[in-house]
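1. Need the 3D shape of this:
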Amino acid sequence: MELAFYRCLDKLTRECVQSTCLCRLVACTIRKGHVQNELSHLTNYYPSSSENWTKIKDATDCDSDPEHAEGRLRKQLLCNSYNRDNRPVKDTKFSVNVSISPMLISFNYDSDDNTLNINMALMMRWTDEFLKWDAKDYENITSLIVRTDEIWIPDFRLFSSYYKPDTEMSCTNPRCLTFNDGQVTCVPACDFTARCEADYTRWPLDSQQCRLNYGSWMEHSDEVDFHSRVSYLWSHQTNANTQWRIVSSKVSKQTFAGKGNVTYPTLVYDYVIERHSSFHLAALFTPILMLLCLNLFITWVSTDCLERKVLLAVSIFCHFQFMALLKWTVPKSGDSVPGLLLFFRNSLIITCLLLIHTAIGTWVKKLDRAPPALVTLLTGTAMKNKVGELFLAGDYMNVEYKKSEVEQKPAIDSEHHTVTWEAFSKVLDRVLFIVYLASYGLFCVMYISFQYAKQDNYELHILGYRDINQIEEIFEIDG
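-> Numbering: from 1, shown residues only. Here you go, the predicted model:
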């Protein structure tokens, strides 16, 4: 007999070394008839609190007569032909209604894999018709804590794109609370990974939508039906993330048709998170604004001036340096391109056009031949126009008002063609300044997001920290 016990002990310990396997070891001990003597071997094999072994023995041994009321109640419920593999209904025509309220405790978003790592507590409640008792017969005991391997539990699992087959239903909490009216409540704390739809169009003010799909693998809605109305955040501390914040947490129910006119229920939990990072705002928007102002200022410097060429070289260098910064900052996953990156791309194109414009302007100013009639007409029209006079009144890099040289030159001074070419170069600078300014304004509207996307269907329900009354109301709402 002892040899059989130790063989069973060695086999079970090889299969599992976790504390959750202790119940299997105890069951093996009881089956071999060594309840009282061999429990000491288990306490030596697994050093843990020895005062709990008496409770485990009384709760598990169906052949003994427990002295305390809790042990007698446990024996009455679990030892009288209770089968944890059968649905807890006396009439199999009825389904088991399971109310589920997930509470998100903490989260972390992985931008490289576009996944949301979630730690949540799944508050589940259903009625087990075989776990009812009269509290008066057991010293007014109205509730009893049982393990998940002792009773029936719903096959409620995650089967989204990041389903982990090794994740057990009990997760980190293998116990449930039963009440004398048959209500069973389980609150396992589990770690899940959700696949997110990466959308970086509004980056760095972007938001990501992540989804978790839960349901039963085999049982249809006529056997087990799941219900859930609200998805909760455990407290305001849940959103105490350094970079991301949950702005929406809602649930919906879907059904899928199967053979024989049966449907399979699926609960879909959608989470929307927003990026809140002051570093991105300071490190990205400030350099872009400075480069924008620098390019616009360059157009007010004479094309043949050395300072303009130096400033243009600085602008090109800063653009390439900023491009190297974006290489390490912009998320590399997803099909969408951040609008900020497109804005910077267009700004780099404007800088290249500004370089070509400077080279052409320098060449035009050195011309001494007679300008074409079209150039003379455009220059004269711009100088005589009130708006043109306003833009052309000041010299390059000179804040004082000064009459244009074209107006000071007599009309008969046709020998000095250079004056006309210089005036044409100035007109070209002012026109391109307006074009660049309008282009930057258009690019800001098209590509840069100054606020988060607003949607009307956002939902967010936050529980008060350790608010027991509010937690009890969850099942009143979802039940």
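
2. the longest strand in this protein is where?
-> Assignment by DSSP state E gives strand 115-132 as the longest strand of the chain.

3. Just the mean pLDDT for that one, thanks.
-> Average pLDDT, strand 115-132: 89.

4. so what secondary structure elements neighbour it?
-> strand 96-110, strand 181-186, strand 189-197, strand 207-215, strand 263-275, helix 468-478 (3 or more Cβ pairs under 8 Å, 6 or more residues apart in numbering; DSSP states H and E). To be clear about C-beta, it is placed using only N, CA and C from the backbone, and glycine gets the same treatment.

5. of all those, which lies closest to Ile246?
-> strand 263-275 (5.4 Å; Cβ to Cβ).

6. Enumerate the positions of the helix or strand following the closest one that are buried.
-> The helix or strand immediately downstream of strand 263-275 is helix 278-280, counting by DSSP states H and E. For helix 278-280, burial by neighbour count (16 or more other Cβ atoms under 10 Å) applies to His280.

7. So Glu197 versus Ile273, what's the distance?
-> Note on Glu197: its distance to Ile273, by Cβ to Cβ, to the nearest Å, is 12 Å.

8. what do you get for Asp206?
-> Where Ile273 is concerned, Asp206 sits at a distance of 9 Å (Cβ to Cβ).

9. can you check Leu267 too?
-> 20 Å.

10. Look at those two and report which has more neighbours.
-> Ile273 (23 against 20; other Cβ atoms under 10 Å).

11. Find the nearest non-adjacent residue to the more buried one, please.
-> Nearest non-adjacent residue to Ile273, counting by Cβ to Cβ, 6 or more residues apart in numbering: Trp244, 4.8 Å away.

12. returning to what we had before: now the common contact residues for Glu197 and Ile273.
-> The contact sets of Glu197 and Ile273 overlap at 208, 210 (Cβ atoms under 8 Å, 6 or more residues apart in numbering).

13. Run a quick neighbour tally on the closest residue to Gln451 other than its chain neighbours.
-> Among residues not flanking Gln451 along the chain, Leu205 sits closest, at 6.7 Å (Cβ to Cβ, 6+ apart). Using other Cβ under 10 Å, Leu205 has 20 neighbouring residues.

14. residues in contact with Leu205?
-> 274-275, 449-452.

15. does it count as helix, strand or coil?
-> coil (DSSP: H, G, I helix; E, B strand; the rest coil).

16. measure it to Tyr440 for me?
-> 19 Å.

17. ok, now Phe130?
-> 73 Å.

18. cool, and Pro66?
-> 82 Å.

19. ok, now Leu348?
-> 12 Å.

20. Which strand residues bridge the residue nearest to Ile273?
-> Arg275 (DSSP bridges).

21. Was I right to think it contacts Cys210?
-> No - Trp244 lies out of contact with Cys210 (Cβ atoms under 8 Å); the separation is 10.6 Å.

22. quick one: common contacting residues for these two?
-> Ile273.

23. Domain ranges for the chain, per the record?
-> As assigned by the TED database, the chain contains the domains 61-275+456-475, 279-392+419-447.

24. and the shortest one, what's its mean pLDDT?
-> So the one you mean is domain 279-392+419-447. 79.

25. Endpoints of it, how far apart?
-> 20 Å (Cα to Cα, to the nearest Å).

26. cool, stretch 188-207 as well?
-> End-to-end for stretch 188-207, by Cα to Cα: 29 Å.

27. ok, residues contacting the helix or strand harbouring Asn295?
-> Secondary structure from DSSP H and E places Asn295 in helix 286-298. Outside of helix 286-298, the residues within contact range by Cβ under 8 Å, 6+ apart are 308, 311-312, 314-315, 318-319, 322, 340, 343-344, 347, 350-351, 354, 358, 433, 436-437, 440.

28. Buried by neighbour count: which residues of it qualify?
-> Using 16+ other Cβ under 10 Å as the test for burial, helix 286-298 gives 287-288, 291-292, 294-295, 298.

29. same deal with stretch 221-241?
-> Those would be 221, 223-229, 231-235, 238-239, 241, for stretch 221-241 by 16+ other Cβ under 10 Å.

30. which ones among the residues you listed are found in helices?
-> Members of the buried residues of stretch 221-241 lying in helices (criterion: DSSP state H): none.

31. Closest one of the residues you listed to Ala283?
-> So of the buried residues of stretch 221-241, ranked by how close each gets to Ala283 (Cβ to Cβ), first place is Asn241, at 19.2 Å.

32. Where do the strands of the protein begin and end?
-> Under DSSP E, the chain gives strands at 96-110, 115-132, 143-147, 157-158, 175-179, 181-186, 189-197, 207-215, 224-227, 232-233, 244-257, 263-275, 461-462.

33. Those strands: which one's closest to Thr329?
-> Taking the strands of the chain one by one with Cβ to Cβ, strand 263-275 is closest: 12.1 Å.

34. so what does that closest one touch, helix or strand wise?
-> Going by 3+ Cβ pairs under 8 Å, 6+ apart, strand 263-275 lies up against strand 96-110, strand 115-132, strand 207-215, strand 224-227, strand 244-257.

35. so it versus strand 96-110, what angle?
-> In terms of direction (axes from the mean of the first three to the mean of the last three Cα atoms, to 10 degrees), strand 263-275 departs from strand 96-110 by 30 degrees.

36. so where's the stretch 51-200 of the chain shaky on pLDDT?
-> 51-61, 160-170, 172-173 (pLDDT under 70).

37. The same query, at a cut-off of 90, please.
-> Applying pLDDT under 90 to the stretch 51-200 of the chain picks out residues 51-88, 90-95, 100-124, 137-139, 147-150, 153-175, 186-200.

38. who's the residue lying closest to Thr115 once chain neighbours are set aside bridged to?
-> Spatial nearest neighbour of Thr115, excluding adjacent residues (Cβ to Cβ, 6+ apart): Thr193 at 5.2 Å. For Thr193, the beta-bridge partners under DSSP bridges are Asn117.

39. My guess is Thr193 contacts Asn117. True?
-> Yes - at 5.5 Å, Thr193 counts as touching Asn117 under the criterion of Cβ under 8 Å.

40. Look at these two and report which has more neighbours.
-> Between Thr193 and Asn117, Thr193 has the larger neighbour count (other Cβ under 10 Å), namely 21 against 15.

41. where's that one relative to Glu139, distance?
-> 45 Å.

42. Over to Val310?
-> Val310 is 92 Å from Glu139, by Cβ to Cβ.

43. circling back: quick one, which of Trp244 and Cys210 is more surrounded?
-> Cys210 (22 against 19).

44. Look at the more buried one and report its pLDDT.
-> Looking at Cys210, the pLDDT reads 89.

45. any idea how far Phe450 is from Leu326?
-> Per Cβ to Cβ, Phe450 is found 19 Å from Leu326.

46. So between these two, which is more surrounded?
-> Leu326 (15 against 9).

47. Now His357: closest residue in space, sequence neighbours ignored.
-> Leu432 (5.9 Å).

48. so that neighbour makes contact with Ile350?
-> No - counting by Cβ under 8 Å, Leu432 sits too far from Ile350 to count as a contact (9.6 Å).

49. Who has more neighbours out of the two?
-> Ile350 (22 against 17).

50. residues contacting the more buried one?
-> Taking Cβ under 8 Å, 6+ apart, one finds 295, 436, 439-440 in contact with Ile350.

51. that older thread, Tyr82 is nearest to which of the helices and strands packed on strand 115-132?
-> strand 181-186 (12.7 Å).

52. What separation is found between the N-terminal and C-terminal residues of stretch 106-115?
-> 14 Å.
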